[in-house]
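**Q** kindly generate the corresponding structure for this input.
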Amino acid sequence: MFTAAASVAGGYLSVEGDPTPQRIEDGAILLFPYGHAHSICDELTSPLTKIVHVGYDAQREYQVFPCEGEGSKMVVLCGAFHLEHPGDSPLLHGLPKVIHIPAEQGRLAQGFADLVHFIARESAEHLAGREVMLRRLTELLFIQVIRVWIDRQTQATDGWVAALRDQPVSTALGLIHQYPERSWTVEELAMAAALSRSSFSARFTRLVGEPPIKYLTRWRMYKATRLLKSDVEMEKIAELLGYESEVAFRKAFKREVGIPPARYRKLRS
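**A** All right, here's what the predicted structure looks like:
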């Protein structure tokens, strides 16, 4: 879920579970990775009015919810992102309840403000291809917000952001992501990262949160779930992901995901 707030004088953000409200300025962008309930008000003593409950529905069109009152004027642009496999992304595990991008910081990121303006314009106009445009623009907005947030994490010493900044671990992650079909060993990945086996394994596990080979398996399963939504044959999927046979792939998939790949494909078709 994201919120873009444009107001006369800013306001305050209260997030479910957090006792201290945050001050937000005019033009702020707010991203709620886990969809926590929240409220935005001009003053902490102001009464709240429920404007809209944002619930993702892939079949529902984007809508405008006007709400007029006597208080401070505010334009709030809300939207929601649907991630098919959020549990498979280590990056998402490390995100806070809310990512607050102040307007000034957003203006410094090239194209950031333009994206928000495009989304607002497309939301207000009923032009051909509106739904497609909004979906793509919100995807780009999500990426931009994550980019800006990562750039701010200069002091991170562990977690996924630190892993991306760590050259040896980042190198290994790149190889795993690009060549999941290879029968990687810890020794091979350590050699590519220019570290000893023990140093690399400990470093990778500390930053990523799991050992290299376990991460490789989980990445393969993530790729498998995407391929199973296509018409690619099971035998070909096994080959693309580095399994010696279709049987080996089926066993690995059931062990990691909990159901056979054929059933997964049927449920997602």
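**Q** how about the strands in the stretch 51-200 of the chain?
**A** Applying DSSP state E, counting those that start in this stretch to the stretch 51-200 of the chain gives strands spanning 74-79, 99-101.
**Q** ranking these by mean pLDDT, which is last?
**A** Of all those, the minimum mean pLDDT falls on strand 74-79 (a mean of 69).
**Q** state the number of residues packed around the nearest residue to E187 once chain neighbours are set aside.
**A** Excluding its sequence neighbours, the residue lying closest to E187 (Cβ to Cβ, 6 or more residues apart in numbering) is R197, at 5.5 Å. Using the backbone N, CA and C atoms, a C-beta is placed for each residue, glycine as well. Using other Cβ atoms under 10 Å, the number of residues around R197 comes to 14.
**Q** mind checking how far R197 is from L207?
**A** 16 Å (Cβ to Cβ, to the nearest Å).
**Q** check H38 too.
**A** Counting by Cβ to Cβ, the gap from H38 to L207 is 30 Å.
**Q** so for those two, which sits in the more crowded spot?
**A** The residue with more neighbours, out of H38 and L207, is L207; 23 against 18, by other Cβ under 10 Å.
**Q** which other residues reach the strand or helix carrying that one?
**A** Taking DSSP states H and E as the criterion, L207 maps to helix 197-208. Here helix 197-208 makes contact (Cβ atoms under 8 Å, 6 or more residues apart in numbering) with 90, 158-160, 162-163, 166, 168-169, 172-173, 186-187, 189-190, 193, 195, 211-212, 215.
**Q** output the contacting helices and strands for the longest helix that the chain contains.
**A** If you go by DSSP state H, the chain has its longest helix at helix 130-152. Packing contacts for helix 130-152, counted by 3 or more Cβ pairs under 8 Å, 6 or more residues apart in numbering; DSSP states H and E, involve strand 2-7, strand 28-31, strand 99-101, helix 112-124.
**Q** select, out of the ones you listed, the one closest to E139.
**A** helix 112-124 (10.1 Å; Cβ to Cβ).
**Q** and the helices in the chain?
**A** Shown for the chain, the helices assigned by DSSP H span residues 90-93, 103-108, 112-124, 130-152, 160-165, 167-178, 186-192, 197-208, 212-227, 234-240, 246-257, 261-268.
**Q** how many residues are close by R268?
**A** By the criterion of other Cβ under 10 Å, R268 has 11 neighbours.
**Q** I'd say it and L228 touch.
**A** Yes - in this structure, R268 is within contact of L228 by Cβ atoms under 8 Å, at 6.6 Å.
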